[in-house]
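Asks: sequence below, structure please.
(one chain, ligands or ions: 1)
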Amino acid sequence: MTPIRVVVLDHTAQTGGAELALLRLATALNPVEVDLTVLLFDDGPLVGMLTDRGVRVRVRRLDPRVGTSDRQAATGWAAVRSLGRALPFVLRLRRELRLLDPDVVHTTSLKADLIGLVAGRSIRRPVVWHVHDRIAADYLPAPVVRLFRVLARRAVTAVVVNSRATGRTLPRVRSTVAYPGLAADQIGPDPLARAVPQPPVVGIVGRISPTKGQREFIAAAQLLARQHPELRFRVVGDALFSEQDYADTVRRRAKEGALSGRVEFTGWVADTGAELDRLTVLVHASPTPEPFGQVVAEAMARGVPVVATAGGGMDEIVRPGGGPVRGELVPAGDVAGLAAAVERLLSDPVAAADRARTAWSQVRRDYPIERTAAVLTAVWQRARGSVPGPSGAPGRTTSAPRSVPTSPTVPTGEPPVH
Ligand code: GLC
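Replies: Numbers count the residues shown, from 1 in each chain. Next up is the predicted model:
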């Protein structure tokens, strides 16, 4: 069988979570089964990272003013202007896709979902959406939520989601869960042999952004700092996507009161694994539900005890249905709760290490990158041929994909499974 030609579209080449997940996926795919091209709508660090791993990459720049995420841009004249700017790009992309001649167009970001859907369907190719964001009004403007939900139901060949929680934000859409996978080099040695950093270090890892909750982290750190003069804190990551003002506020607050001089900001780091190894406790503080939350799975894979705010994918990672609890879950936005949970872990290091070891062995089993690759390959195999190609071959199937042996296909909109 000839490999499936897949063109992945993403609007950004910055190293956001979805892009890092793509990087690991691209490396794990079997070239005998999948012939992959990644087409990015901008230049950036991801280009070199993919090329270094032997992945074919193209960059076709899109006017950055298209589809900014603020609420105003999603409605009225702003939306019309945005569409006007996107149109020439859609036409260029359409030409480009014709040349690449993919069996499947796979999109991995919200902008790429819309643009790729129009371009891909206009040349009658199956379009698979890989949704890494919650399609919900606490994250996106209401008209955008409505648009995505309708298109996911009616226009897209198949929908892949990064967690069951993300799937539940697309009611009445059959979606396939492909958890972002862990690569072998993300998995640390047995946590029982782990050297616990002394003095203890409590850290947060990820893009500095209001959605990731560094402000809540610093507020919890203020509470902890007063009681525990030995504690140190680390904020790993930097602001991307025009969130510099927020980052400045976080830095300013980290200098106040008892915290002064005890918080280190590392800026962007290439090797998050090494940063996780330096932590006694990882805190995930997103005040809004996290679609998946790779950093938490990665921390567990390195044997680091975790405190996380509940909601979204966190409930699946930290408190999987039926299994033992793998970390401390606190209500989103509960600063005192975050501080108390960190304190619990620090005051009983034996119990914390024990639980971290269980989490370590389970996340390796639950999120191997090979499984993510297998799930997506199966989705693409089913999508191939579901839309009549230029030769007029098989007719479009009206049913969405059913099931993949390695991962659940969830009819979403169902009650949470815990
Ligand atoms: C996005 C989501 C994050 C998820 C990642 C990979 O960055 O915000 O929760 O871990 O995609 O799917």
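Asks: leaving out sequence neighbours, find the closest residue to the residue in the chain positioned nearest to the ligand.
Replies: As assessed by C-beta to the nearest ligand atom, the ligand sits closest to residue 17 within the chain, at 2.5 Å. In this view, the C-beta of every residue, glycine as well, is placed from N, C-alpha and C. Sequence neighbours aside, residue 294 is the residue nearest to residue 17 in space, at 5.5 Å (criterion: C-beta to C-beta, 6 or more residues apart in numbering).
Asks: correct me, but that neighbour touches residue 15?
Replies: No: applying C-beta atoms under 8 Å as the test, residue 294 and residue 15 come out as separate, 11.7 Å apart.
Asks: what about these two, which has more around it?
Replies: When residue 294 and residue 15 are compared for neighbours, residue 294 comes out ahead with 27 against 17, by other C-beta atoms under 10 Å.
Asks: for that one, what are its contacts?
Replies: Neighbouring residues of residue 294 by C-beta atoms under 8 Å, 6 or more residues apart in numbering: 17, 20, 21, 180.
Asks: nearest residue to residue 162 in space, please, no chain neighbours.
Replies: residue 292 (4.3 Å).
Asks: what about that neighbour, which SS state?
Replies: coil (DSSP: H, G, I helix; E, B strand; the rest coil).
Asks: any idea how many residues pack against it?
Replies: The burial count for residue 292: 28, using other C-beta under 10 Å.
Asks: gap between it and residue 41?
Replies: To residue 41, residue 292 is 23 Å away according to C-beta to C-beta, to the nearest Å.
Asks: what's the answer for residue 339, then?
Replies: From residue 339 over to residue 41 (counting by C-beta to C-beta), the distance is 41 Å.
Asks: repeat that for residue 278.
Replies: Taken as C-beta to C-beta, the span from residue 278 to residue 41 is 35 Å.
Asks: neighbour-wise, give me the winner out of the contacts of residue 294.
Replies: Busiest of the contacts of residue 294 [other C-beta under 10 Å] is residue 180, holding 24 neighbours.
Asks: what helix or strand is the residue nearest to that residue when sequence neighbours are not counted located in?
Replies: Once flanking residues are discounted, residue 180 sits nearest to residue 21: 3.8 Å by C-beta to C-beta, 6+ apart. Assigned by DSSP states H and E, residue 21 belongs to helix 17-28.
Asks: wait, doesn't residue 103 sit right on residue 382?
Replies: No: counting by C-beta under 8 Å, residue 103 does not reach residue 382; the two are 11.3 Å apart.
Asks: need the residues of the stretch 1-150 of the chain near the ligand, please.
Replies: 16, 17, 18, 21, 132 (C-beta under 6 Å from any ligand atom).
Asks: dihedrals phi and psi, residue 201?
Replies: phi -120, psi 130 (degrees, to the nearest 10).
Asks: mind pulling up the pLDDT for it?
Replies: Looking at residue 201, its pLDDT is 98.
Asks: next up, phi/psi of residue 329, please.
Replies: According to degrees, to the nearest 10, residue 329 has phi -110, psi 130.
Asks: that one - nearest residue in space that isn't next to it in sequence?
Replies: residue 310 (4.6 Å).
Asks: if we can go back for a sec, hang on, the residue of the chain closest to the ligand packs against residue 180?
Replies: Yes: between residue 17 and residue 180 there is a contact under C-beta under 8 Å: 7.4 Å.
Asks: overlap in contacts, those two.
Replies: 292, 294.
Asks: the residue nearest to residue 148 when sequence neighbours are not counted and residue 127, how far apart?
Replies: Among residues not flanking residue 148 along the chain, residue 135 sits closest, at 4.8 Å (C-beta to C-beta, 6+ apart). For residue 135, the distance to residue 127 equals 16 Å [C-beta to C-beta].
Asks: coming back round to it: how far away is the residue nearest to residue 180 from residue 293?
Replies: 11 Å.
Asks: repeat for residue 309
Replies: From residue 309 to residue 293 the distance is 10 Å (C-beta to C-beta).
Asks: near the ligand, which residues of the stretch 251-400 of the chain?
Replies: 290, 291, 292, 293, 294, 313.
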